[in-house]
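Undergrad: how does the following fold in three dimensions:
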Amino acid sequence: MRQRGAPRGPGWVGAAHLRRAGRPRVVFPARHGRRRAFLGRRLLLGPVGQDRAGQRRAGRQRQAGHPVRRHLDRRSQGGLKVKKRKILLIGLGAVVLAGATTYATAPLYWNRYFRALTVNPLEPPIDWYKPVAVVKGAPATPLPKTTPEAAGIDPAALEAAAEYAGARKSDALIVVKDGAIVYERYWNGVGPNTVMKAHSFTKTMTGMLIGAAIADGKIKSVDQPAADFITEWKNDERSRITIRDLLQMSSGLEPPDYSYAPWSSTIRTFLSPDLAKDNLALKAVHPPGTVFGHHNPDPVALSVIVERATGKTFADYMSEKLFSPLGMHDGSLWLAKEGGLAHGDCCMISQVQDWMRIGIMLANGGSFEGKQVLPADYVAAMSAPGKANPGYGFQVWRGRPFVKNRIYSPERPDKASVSAEPIAAEDAIFLDGWGKRRLWIVPSQKLVVLRDGVDLDDWDDTKIPNLILRGLAAPAAPQPEKAP
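TA: Here you go, the predicted structure:
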């Protein structure tokens, strides 16, 4: 038996260590495999619990009037009793065990989770998204360029927009008018061929592939029940969900819990290698078409429908219907696992300037350089107001009706994009990606504006498009006809 005052071995976690960490003054050994358990409890449960040897030792210390008793008594007076605390730890341990059991065979899940803790989880580096599927493009001739004067835009308006963007953590600002690049400005080493993280721009790509599948006769219409393809929903209330409900983000599926614990629904449905299984398992909590929520499970369900309807992988179908006909460079989609489902909700990687081709096609009613890439009636339907949220169409945002604080989910009204005024064009639509990434499209003006960058608080969501729209030259007044 170790004599009092004798040095402890290297595997010992003592009271001094715990006091420095702000933990209860409970002494217990952490030898051999118990060291890992100790670290795991600290990570997942917070205040350190006692192992069996530690419990016996604490009991002897209490009987001898050791200070640990007074310390624990003081803690219990201000909060939980020790017995309640033990019950709480047991309950939390059961939750952790259940989560660990669920993902015991999914090391990829834990790898992603712990890698996310080492970076900014909302802005991870591009190589964090692994594995990926390549979306093959067919690079064509570069987009034409013109001058602001030839395009009828005041150069001062473009410079003002660039000044606003450059002062707010932007990486790129590109303006296209009538299919030609009028203005481009880059920061932080970014250029036209730099790859960018598209984040939720990916959702709009998913919505467009539904239109392509309808044109191919693989889907009857947007009002077809989703359960025709997602058979997991056939025998419960989710059988009422239509493809339109998913496109308009109003499926009624349970919303995320906005927790970042590894067993939370927010993390599980995003990082899971079984992406389809975990997202399609969500229950219905609202009638379809009644509550809007900009949540990832809806576009994930759409990507499942695309694959099951077409019999092709999501990446291959995107290559065939969008990347190749638009002359885009190769891109990539994040896969749930090797050979698994591609994320239709987030994280597509593509070259910065290629997004202008997407915008031009949408501004032209689905046509690009004389080719009809998407049906014109489907593109028109994309920008029509949704039933649950008139400010949202088919996986794309609308500039009308104007709301000062545009929220993404009723569960998080504090998370909103703020605009001082409406976009100065009634028909404006836009793609919205994390980090204030925006692709504004104004069909009536054949105007497309891209802003790439990172997130910040000092942001007016309509400032850039309005500076440019107000810089458009006023059309010449019609001349009176001369008398014959």
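
Undergrad: now the residue nearest to Pro465 when sequence neighbours are not counted: which helix or strand?
TA: Excluding its sequence neighbours, the residue lying closest to Pro465 (Cβ to Cβ, 6 or more residues apart in numbering) is Trp440, at 4.5 Å. For the C-beta atoms, the positions are set from N, CA and C on the backbone; glycine is no exception. In the assignment (DSSP states H and E), Trp440 maps to strand 437-442.

Undergrad: look up phi and psi at the nearest residue to Val132 once chain neighbours are set aside.
TA: Closest residue to Val132 apart from its sequence neighbours, by Cβ to Cβ, 6+ apart: Ser332 at 4.1 Å. Backbone torsions of Ser332, given as degrees, to the nearest 10, read phi -150, psi 150.

Undergrad: how many neighbours does Ser332 have?
TA: Counted by other Cβ atoms under 10 Å, the residues lying close to Ser332 total 20.

Undergrad: for the one 4 residues further on, same thing?
TA: Counted with other Cβ under 10 Å, residues neighbouring Ala336 total 23.

Undergrad: quick one: mean pLDDT over the strand holding Trp440.
TA: For strand 437-442, the per-residue pLDDT values average out at 98.

Undergrad: and it, what does it pack against?
TA: In this structure, strand 437-442 packs against helix 355-363, strand 429-433, strand 447-453, helix 463-469, with contacts taken as 3 or more Cβ pairs under 8 Å, 6 or more residues apart in numbering; DSSP states H and E.

Undergrad: if we use 7 Å, what do you get?
TA: Other helices and strands packing on strand 437-442, by 3 or more Cβ pairs under 7 Å, 6 or more residues apart in numbering; DSSP states H and E, are helix 355-363, strand 429-433, strand 447-453.

Undergrad: report the angle between the shortest one and strand 447-453.
TA: Think strand 429-433. Interaxial angle of strand 429-433 relative to strand 447-453 (axes from the mean of the first three to the mean of the last three Cα atoms, to 10 degrees): 10 degrees.

Undergrad: find the nearest non-adjacent residue to Ala428, please.
TA: Excluding its sequence neighbours, the residue lying closest to Ala428 (Cβ to Cβ, 6+ apart) is Gly399, at 3.4 Å.

Undergrad: if I pick the one you found, what's in contact with it?
TA: Gly399 makes contact with 422-423, 425, 428-430, according to Cβ atoms under 7 Å, 6 or more residues apart in numbering.

Undergrad: can you tell me the SS state at the nearest residue to Gly433 once chain neighbours are set aside?
TA: Counting by Cβ to Cβ, 6+ apart, His199 is the residue found nearest to Gly433 once chain neighbours are left out, at 3.6 Å. Using DSSP: H, G, I helix; E, B strand; the rest coil as the criterion, the local structure at His199 reads coil.

Undergrad: number of nearby residues for His199?
TA: The number of residues packed around His199, counting by other Cβ under 10 Å, is 19.

Undergrad: Asp236 too?
TA: Using other Cβ under 10 Å as the criterion, Asp236 is surrounded by 11 other residues.

Undergrad: go on, Trp459?
TA: Neighbour count for Trp459, taken as other Cβ under 10 Å: 18.

Undergrad: over to the one 10 residues further on?
TA: With neighbours defined by other Cβ under 10 Å, the count for Leu469 comes to 20.

Undergrad: list the contacts of it.
TA: Neighbours of Leu469 in contact, by Cβ under 7 Å, 6+ apart: 424-425, 442.

Undergrad: any chance of the helices and strands packed on strand 437-442 in CSV, plus mean neighbour count?
TA: As requested, those are arranged in CSV below (neighbours: other Cβ atoms under 10 Å):
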stretch, mean neighbour count
helix 355-363, 24
strand 429-433, 23
strand 447-453, 25
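
Undergrad: mean pLDDT and distance to Lys177 added to those, as CSV?
TA: Formatted as CSV, these follow (pLDDT from 0 to 100; distance: least, Cβ to Cβ, whole Å):
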stretch, mean pLDDT, distance to Lys177
helix 355-363, 99, 10
strand 429-433, 97, 16
strand 447-453, 98, 6
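
Undergrad: which one of those lies closest to Tyr317?
TA: Put simply, out of these the one that sits nearest Tyr317 is helix 355-363, at 15.8 Å, with distance taken as Cβ to Cβ.

Undergrad: the helix or strand that comes right after that closest one: partners in the sheet, and parallel or antiparallel?
TA: Helices and strands here follow DSSP H and E; after helix 355-363, the next one along the chain is strand 367-368. Taking DSSP bridges as the criterion, strand 367-368 sits next to strand 371-372 (antiparallel) in its sheet.

Undergrad: how far does the partner strand sit from its chain's centre?
TA: Between the mean C-alpha location of strand 371-372 and the chain-wide mean there is a distance of 30 Å, by Cα atoms, centre = their mean, to the nearest Å.

Undergrad: same thing with stretch 403-412?
TA: From the chain centre to the centre of stretch 403-412 is a distance of 16 Å (Cα atoms, centre = their mean).

Undergrad: with stretch 185-195 instead?
TA: Taking the mean of its C-alpha atoms, stretch 185-195 sits 22 Å from the chain's own mean (Cα atoms, centre = their mean).

Undergrad: neighbouring contacts of it?
TA: Outside stretch 185-195, the residues within contact range by Cβ under 7 Å, 6+ apart are 126, 162, 166, 170-173, 184, 349-353.

Undergrad: quick one on the thing from earlier: quick one, phi psi at the residue nearest to Gly433?
TA: In terms of degrees, to the nearest 10, the main-chain angles of His199 are phi 50, psi -120.

Undergrad: hmm, it is touching Arg437, no?
TA: Yes. At 6.1 Å, His199 counts as touching Arg437 under the criterion of Cβ atoms under 7 Å.

Undergrad: overlap in contacts of these two?
TA: Looking at what touches both His199 and Arg437 (by Cβ under 7 Å, 6+ apart), there is no common residue.

Undergrad: not counting sequence-adjacent ones, nearest residue to Asp343?
TA: That one is not Asp; residue 343 is His. Counting by Cβ to Cβ, 6+ apart, Trp334 is the residue found nearest to His343 once chain neighbours are left out, at 4.6 Å.

Undergrad: wait, a helix at the one you found?
TA: No. When the secondary structure is assigned by three-state DSSP, Trp334 falls in strand instead of a helix.

Undergrad: start at 53, not 1
TA: Shifting the count to begin at 53 puts that one at Trp386.

Undergrad: please name the bridge partners of it.
TA: Per DSSP bridges, residues listed as beta-bridge partners of Trp386: Val184.

Undergrad: wait, it touches Ala185, no?
TA: No. Using Cβ under 7 Å as the test, Trp386 is too far from Ala185 to be in contact (8.3 Å).

Undergrad: so what's in contact with these two at the same time?
TA: Ala394.

Undergrad: may I have stretch 318-328 as CSV, with CA atoms only?
TA: The C-alpha atoms that make up stretch 318-328 are tabulated as CSV, following Å, rounded to 0.1, in the frame of the first residue of the first chain:
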residue,chain,number,x,y,z
THR,A,318,-28.6,17.8,-36.5
ILE,A,319,-25.3,16.0,-36.5
ARG,A,320,-26.6,12.5,-37.2
THR,A,321,-28.5,13.5,-40.4
PHE,A,322,-25.6,15.5,-41.7
LEU,A,323,-22.5,13.4,-41.0
SER,A,324,-24.0,10.0,-41.2
PRO,A,325,-22.5,7.5,-43.7
ASP,A,326,-26.1,6.2,-43.9
LEU,A,327,-27.4,9.5,-45.1
ALA,A,328,-30.6,8.2,-46.8
